[in-house]
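**Q** Give me coordinates for this.
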Amino acid sequence: MTAAQRNEPGTEPVGQASSPAGAPVPAAHASLYELLDQCLKCNICASYCPVAAATDAFPGPKYAGPQAQRFREPGARRTPDHSVDYCSACRVCNEACPSGVKIAELNARAKAKIVQERGIPLRNWLLGRNEVLGRVGSLAPHLANLGMHNPVSRLLAEKVMGIAREAPIPRWSTRGTFGAWLKRTKGRRLKSDKKVVYFHGCSTMYYEPAVGQAAVAVFEHNGYEVIVPPQNCCGLPMLNNGEFPAAAKLYRSNIAKLLPYAEAGLPIVGTSISCVLTLREEAAELLGIDEEASRTVQRATWDMCEWLRDLHERGELRTDLCELAMLLPYHASCQTRAHRMGKPALDVLALVPGLDVRESDARCCGLAGTYGYKVEKYPIAMKVGQEAFEFIEDLGDEVEFVAADSEICRWQLEHGTHKAARHPAEVLAAAYGLYDLRKRQLVTKPGG
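**A** Here you go, the predicted model:
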């Protein structure tokens, strides 16, 4: 299967439409608003919504989405709309809706409208700048970790900024950034006619460089030269907090940087499932960007496990895998399900001898980007995540690691279960004999 044969996002018809109040709707937003009349008010989405089950502050996706949307249109009477801020954008409602109403996207646009009218709180502005925070903290990671991970600073952050003191804020890597590792190992990198472009994301660059190292090891083990072009934050934290103009700048910047590789026919492969979703679908749809450059990059972009599964289906994936005799819970993130590509991590991990992978049926880990970092939403995030926590805990003490495609899910699962969380690429690198899961670092194979 080629990239062009996958489900392509952004193919919905876009044209002029009218709001329920009769006023014209911008063409870029028309396709979403045309779905409003398809809502059957059946409450299926409300019964599936993990946030509505955890708090009365969110009335449910039907009410906050298509029902409330009719009051947000030009010419309609406005509603205070406080409840929409409690939508975590997990998209469970989208999956459950029998009519295909994109409720989570409607809610995201509603948040953006509120920000446009009222401005953005300082806390949300700060949480949206993950790349800036990562870069600054990486200059002195030991000091940054001490400053951000002590009871006094966490209490102050909660009282002054509204950032929950218990929330699983990631730690900066004290081994250096992924970019620094790339520079140190530049002379040892594989050169090959087969090439892959790697989109690592902010989490790999500043907090989990081991994920990037494992990914590069897997790429090279399969004979691919790894190209890591300049890139910036995908913009998802800003989208989640309603900062659409700022997110658009980041998205267009990435499109410009990645376009030459996409036009050359190279696959753009990412290890952050949320970054991949943003590049491939979410940003363009929410921001109303429908341009050839954007579509070209979207078609070239892959999740890493999806790309590896495709290699295997074509008979090109190396299967010289060592036995990993362990029980491994796997949590499919909301973004994984939103891709509509199945669960490729399960397909790839099934190739590892001795590996007993158990899939979680939990709807959401609860953290949902920056959602669970906010003091008023942290208890909700933990309550939502309880499904996943209990699933892992019920498997017993035999479990040493859990796996998830999303860095947010990994941080939340570690927080809720005290089990070490790993990306599937790390597990595969370990099965190739290239990586130590416990130390979270590459190893040298005998004779290598």
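**Q** what about the strands in this structure?
**A** In the chain, the segments counted as strands under DSSP state E are 17-18, 24-25, 195-199, 225-227, 268-270, 301-303, 326-331, 355-359, 401-404, 420-422, 435-436, 441-442.
**Q** Can you add mean pLDDT and distance to residue 338 and give the ones you listed back as TSV?
**A** Where C-beta positions appear, they are placed from N, C-alpha and C, glycine not excepted. As requested, those are arranged in TSV below (pLDDT from 0 to 100; distance: least, C-beta to C-beta, whole Å):
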stretch	mean pLDDT	distance to residue 338
strand 17-18	46	24
strand 24-25	49	24
strand 195-199	98	17
strand 225-227	98	26
strand 268-270	98	14
strand 301-303	97	11
strand 326-331	97	14
strand 355-359	97	17
strand 401-404	98	15
strand 420-422	98	20
strand 435-436	98	28
strand 441-442	96	31
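**Q** Quick check, residue 127 in contact with residue 367.
**A** No - Residue 127 is beyond contact range of residue 367, at 12.0 Å (criterion: C-beta atoms under 8 Å).
**Q** Neighbour count for these two, which is higher?
**A** residue 367 (30 against 22; other C-beta atoms under 10 Å).
**Q** which ones are touching that one?
**A** Under the criterion of C-beta atoms under 8 Å, 6 or more residues apart in numbering, the neighbours of residue 367 are 167-168, 373, 381, 385, 408-409, 411-412.
**Q** hmm, try it at 6 Å
**A** Shown in contact with residue 367 (C-beta atoms under 6 Å, 6 or more residues apart in numbering): 381, 408, 412.
**Q** what about stretch 370-378, how long is it end to end?
**A** 10 Å (C-alpha to C-alpha, to the nearest Å).
**Q** oh sorry, the question was meant for stretch 369-386
**A** By C-alpha to C-alpha, one end of stretch 369-386 lies 17 Å from the other end.
**Q** Return the distance of that stretch from the chain's centre.
**A** 16 Å (C-alpha atoms, centre = their mean, to the nearest Å).
**Q** How about residues contacting it?
**A** Residues from elsewhere that reach stretch 369-386 (C-beta under 6 Å, 6+ apart): 50, 54-55, 88, 127, 158, 162-164, 167, 237, 240, 364-367, 412, 416.
**Q** how about 7 Å then?
**A** 50-51, 54-55, 88-89, 123, 127, 158, 162-164, 166-167, 169, 236-237, 240-241, 364-368, 408, 412, 416 (C-beta atoms under 7 Å, 6 or more residues apart in numbering).
**Q** cool, stretch 343-358 as well?
**A** So stretch 343-358 is contacted by 303, 305-306, 308-309, 312, 319, 321, 323-330, 332, 336, 359, 395, 405, 424, 427-428, 431 (C-beta under 7 Å, 6+ apart).
**Q** again, but for stretch 294-310
**A** So stretch 294-310 is contacted by 1, 3-4, 8-10, 215, 255, 258-259, 262-263, 266-271, 273, 276, 279-281, 284, 317, 339, 341, 344-345, 347-348, 405, 424-425 (C-beta under 7 Å, 6+ apart).
**Q** List buried residues within those residues.
**A** Using 16 or more other C-beta atoms under 10 Å as the burial test, the contacts of stretch 294-310 include 3, 9-10, 215, 255, 258-259, 262, 266-271, 273, 276, 279-281, 284, 317, 339, 341, 344-345, 348, 405, 424-425 as buried.
**Q** returning to that earlier point: among the contacts of stretch 369-386, which ones are in helices?
**A** Among the contacts of stretch 369-386, the residues falling in helices (DSSP state H) are 50-51, 54, 123, 127, 236-237, 240, 408, 412, 416.
**Q** Quick check: residue 170 touching residue 209?
**A** No - if you go by C-beta atoms under 7 Å, residue 170 and residue 209 don't touch, sitting 11.9 Å apart.
**Q** that older thread, could you dump the strands of the chain into a markdown table with distance to residue 288 added?
**A** Listed next are the strands of the chain as a markdown table, based on distance: least, C-beta to C-beta, whole Å:
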| stretch | distance to residue 288 |
| --- | --- |
| strand 17-18 | 13 |
| strand 24-25 | 11 |
| strand 195-199 | 23 |
| strand 225-227 | 30 |
| strand 268-270 | 22 |
| strand 301-303 | 19 |
| strand 326-331 | 32 |
| strand 355-359 | 36 |
| strand 401-404 | 31 |
| strand 420-422 | 35 |
| strand 435-436 | 41 |
| strand 441-442 | 42 |
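**Q** can you tell me which of the ones you listed comes nearest to residue 117?
**A** strand 24-25 (17.3 Å; C-beta to C-beta).
**Q** can you map out the helices along the stretch 251-400 of the chain?
**A** 273-277, 283-287, 292-300, 304-313, 334-338, 344-349, 378-394 (DSSP state H, counting those that start in this stretch).
**Q** tell me the mean pLDDT for the third one?
**A** For helix 292-300, mean pLDDT rounds to 97.
**Q** now it against strand 195-199, angle please.
**A** 110 degrees (axes from the mean of the first three to the mean of the last three C-alpha atoms, to 10 degrees).
**Q** One more: the last one?
**A** Helix 378-394 and strand 195-199 are oriented at 130 degrees to each other (the same axes, to 10 degrees).
**Q** Next up, the contacts around residue 95.
**A** By C-beta under 7 Å, 6+ apart, the neighbours of residue 95 are residue 337.
**Q** remind me which residues of the stretch 51-200 of the chain are low pLDDT?
**A** 63, 70-81 (pLDDT under 70).
**Q** make it 90
**A** 51-87, 89-107, 110, 113-114, 117 (pLDDT under 90).
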